[in-house]
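A.B. asks: Following is a predicted model, sequence given first.
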Amino acid sequence: MNEYLKRVIDDVKAKHGHEAEFIQTVEEVFTSLDPVIEKHPEYEKVDLLNRMVEPERMFTFRVTWMDDNGYWHTNRGWRCQFNGAIGPYKGGLRFQSNVRTSIIKFLGFEQTFKNSLTGLPIGGAKGGSDFDPAGKSDAEIMRFCQAFMTALYRYIGPDIDVPAGDMGVGGREIGYLYGQYRRLKGKWENGVLTGKGLSYGGSLIRPEATGYGAIYYLCEVLKHENDTIEGKTIATSGYGNVAWGIMKKAAQLGAKVTYFSGPDGYVHDPDGVVTEEKLNYILEMRATDPMHCKPYADKFGCEFVPNAKPWGVKDVDICMPAAMQNDVNMDSAKKIVDAGVKYYLEVANMPTTNEALNFLREQEGVIVGPSKAVNAGGVGVSALEMSQNSERLVWTEEEVDNYLGKMMKNIHDSSAKAAEEYGLGYDLVAGANIAGFLKVAEAMLEQGCF
Ligand code: 2IT
């Protein structure tokens, strides 16, 4: 490995030893850059890599809120404005009890390269809180969101930093966050957040965009392999917005999701989640119970396997983990390979451990699509939402969906081309890292050192 690159990775490990997820993502991205750094000795002179692993700005804040019984609670809030070289900071907010500095930093780092890949002018950011939304009343969620925004509003704006949703933050939370922002600013600035409701400036297709985009990306991979999506079967994990978008677009294009999971286990529906009734039920189940997917199996009379993940099932063509980080470890990866799965597309952020990812990439006949490319349609449509807000107009569903399809093709093609240019063949993981990196690197260099 290039010496400068190796030194930076070692430094990051030494300096950030307690931030496991952050180290994991830096290692994954930077290892791909080896041939690029080798070819560009000028990067070392300006210490570009060390600049890239240090967020431009990151802060924590106190969020206090009152529960329905009148008791006060204190949570931690974060915002990491990782890299603003190519546009205003952009990235989601995650509300989950396991949120900590390492999680926010790994997500912000990934977001920087992902946003670059979309081809749109957005920098990388992430934020969130260790607040656990499970079991909270609507009024508690509202008070928490208002308290969170009260702490954050001074540091964001349509041309500064534009948060959105991530796990635990959906349309409802974005609504409460925006309401508080507007109250505090006394101004109509709805471009400050994306993932808004349609009544106050949200974009059509934003809730579906990540899942739809993942399927469009899959279609490009299949095209490359002289294959088609017709009749393909898919195993995914989760049943939130993202998995739902995958199910819906797969059904539209003649494929079917036959496995999905929740924290309680996985469901096997051999007919696929393809009918309107089933797709609507997924939404309903998610809204009423984010912890259990068994009710689907009960309602539609299919198999439910408790406390297990659908990795390694024998009767699918494609695996698309869409639930959380490090969902697929070495053990699951081996089972996936043994089952003869040809396409492994990451959809959640960093759903595969580095060891498992490298193992899958090494397999002859397995094609791996990396999350920062496969799930980029979500933030890509967020950028379209920002654009609609600043122009005070509304795009049709068809316009957004067409743009999304083209964007995903472009992400696939530019990743494939970047890998090819560096002699790596059809390596979509390295290609996405290289293509995402080069644009940010160029912008940083052209703007001088700071
Ligand atoms: O991980 C992601 O790309 C997101 N959570 C969406 C971010 C956004 O700004 O739409």
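C.D. replies: On my side now, so go ahead.

A.B. asks: What is the burial count for the closest residue to the ligand within the stretch 1-150 of the chain?
C.D. replies: Minimum separation of the stretch 1-150 of the chain from the ligand (Cβ to the nearest ligand atom) falls at G92, amounting to 3.0 Å. C-beta: built from backbone N, CA, C; applies to glycine. Number of residues near G92 (other Cβ atoms under 10 Å) recorded here: 24.

A.B. asks: Is it in a helix, a strand, or coil?
C.D. replies: Three-state call for G92 (DSSP: H, G, I helix; E, B strand; the rest coil): strand.

A.B. asks: Wait, it touches V169, no?
C.D. replies: Yes. Using Cβ atoms under 8 Å, G92 is in contact with V169, at 6.7 Å.

A.B. asks: Now the common contact residues for these two.
C.D. replies: G128, G195 (Cβ atoms under 8 Å, 6 or more residues apart in numbering).

A.B. asks: before we move on, the earlier item: out of everything not next to it in sequence, what's closest to the residue of the stretch 1-150 of the chain closest to the ligand?
C.D. replies: Nearest residue to G92 in three dimensions, chain neighbours excluded: D166, at 3.2 Å (Cβ to Cβ, 6 or more residues apart in numbering).

A.B. asks: The one you found - how many residues pack around it?
C.D. replies: 22.

A.B. asks: Buried residues in the helix or strand containing A251, which are they?
C.D. replies: Assigned by DSSP states H and E, A251 belongs to helix 241-252. For helix 241-252, a neighbour-count test (16 or more other Cβ atoms under 10 Å) marks N241, V242, A243, W244, G245, I246, M247, K248, K249, A250, A251 as buried.

A.B. asks: so who does the closest residue in space to the fourth one that isn't next to it in sequence touch?
C.D. replies: It stands for W244. Counting by Cβ to Cβ, 6+ apart, I282 is the residue found nearest to W244 once chain neighbours are left out, at 5.2 Å. Counting by Cβ under 8 Å, 6+ apart, I282 touches Y239, A243, W244, M247, V273, Y296.

A.B. asks: Correct me if wrong: the second one contacts S237.
C.D. replies: It refers to A243. Yes. Counting by Cβ under 8 Å, S237 is a contact partner of A243 at 7.2 Å.

A.B. asks: joint contacts of those two?
C.D. replies: F260, A322, A323.

A.B. asks: can you pick the most crowded of the residues you listed?
C.D. replies: Ranking the shared contacts of A243 and S237 using other Cβ under 10 Å puts A322 first, with 30 neighbours.

A.B. asks: Just the pLDDT for that one.
C.D. replies: On pLDDT, A322 comes in at 97.

A.B. asks: Buried residues in the longest strand anywhere in the chain, which are they?
C.D. replies: Longest strand in the chain, counting residues (DSSP state E): strand 72-83. For strand 72-83, the neighbour count (16+ other Cβ under 10 Å) marks N75, G77, W78, R79, C80, Q81, F82, N83 as buried.

A.B. asks: bridging residues for the residue of the stretch 151-300 of the chain found nearest the ligand?
C.D. replies: Using Cβ to the nearest ligand atom, the closest approach of the stretch 151-300 of the chain to the ligand is made by A164 at 3.3 Å. Using DSSP bridges, the bridge partners assigned to A164 are G92.

A.B. asks: For the residue of the stretch 1-150 of the chain closest to the ligand, give me its contacts.
C.D. replies: For G92, the contact set (Cβ under 8 Å, 6+ apart) comprises L107, Q111, K126, G127, G128, P163, A164, G165, D166, V169, G195, V379.

A.B. asks: about what we covered before: filter the contacts of I282 by proximity to the ligand?
C.D. replies: Checking these against the ligand by Cβ under 6 Å from any ligand atom, not one of them is in range.

A.B. asks: Could you export these as CSV, including pLDDT and distance to I37?
C.D. replies: Output for these, formatted as CSV (pLDDT from 0 to 100; distance: Cβ to Cβ, whole Å):
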residue, pLDDT, distance to I37
Y239, 95, 41
A243, 97, 37
W244, 97, 40
M247, 98, 40
V273, 98, 44
Y296, 98, 47
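
A.B. asks: which one of the residues you listed is nearest Y403?
C.D. replies: W244 (20.6 Å; Cβ to Cβ).

A.B. asks: wait, L120 sits on P88?
C.D. replies: No. Using Cβ under 8 Å, L120 is not in contact with P88, being 11.0 Å away.

A.B. asks: Quick one: classify R62 as helix, strand or coil.
C.D. replies: R62 ends up strand, using three-state DSSP.

A.B. asks: Let me know the distance separating the nearest residue to Y200 once chain neighbours are set aside from V379.
C.D. replies: In space, and not counting its chain neighbours, Y200 is closest to N190: 6.1 Å by Cβ to Cβ, 6+ apart. According to Cβ to Cβ, to the nearest Å, N190 stands 17 Å off from V379.

A.B. asks: The two: which is more packed in?
C.D. replies: V379 (26 against 21).

A.B. asks: Which residues of the stretch 301-450 of the chain lie near the ligand?
C.D. replies: N349, G378, V379, S382.

A.B. asks: any idea of the pLDDT on the last one?
C.D. replies: Yep, that's S382 we're talking about. Per-residue pLDDT puts S382 at 98.

A.B. asks: That one and R206 touch, don't they?
C.D. replies: Yes. Contact criterion Cβ under 8 Å: S382 and R206 qualify, at 6.8 Å.

A.B. asks: Return every residue with contacts to both of those two.
C.D. replies: Counting by Cβ under 8 Å, 6+ apart, the common neighbours of S382 and R206 are T194, G195.

A.B. asks: Which one's more surrounded, the two?
C.D. replies: Set S382 next to R206 and count neighbours by other Cβ under 10 Å: S382 wins out with 29 against 25.

A.B. asks: so which helix or strand takes in that one?
C.D. replies: helix 376-391.

A.B. asks: Compute the inter-axis angle for that helix and helix 241-252.
C.D. replies: Helix 376-391 runs at 100 degrees relative to helix 241-252, counting by axes from the mean of the first three to the mean of the last three Cα atoms, to 10 degrees.
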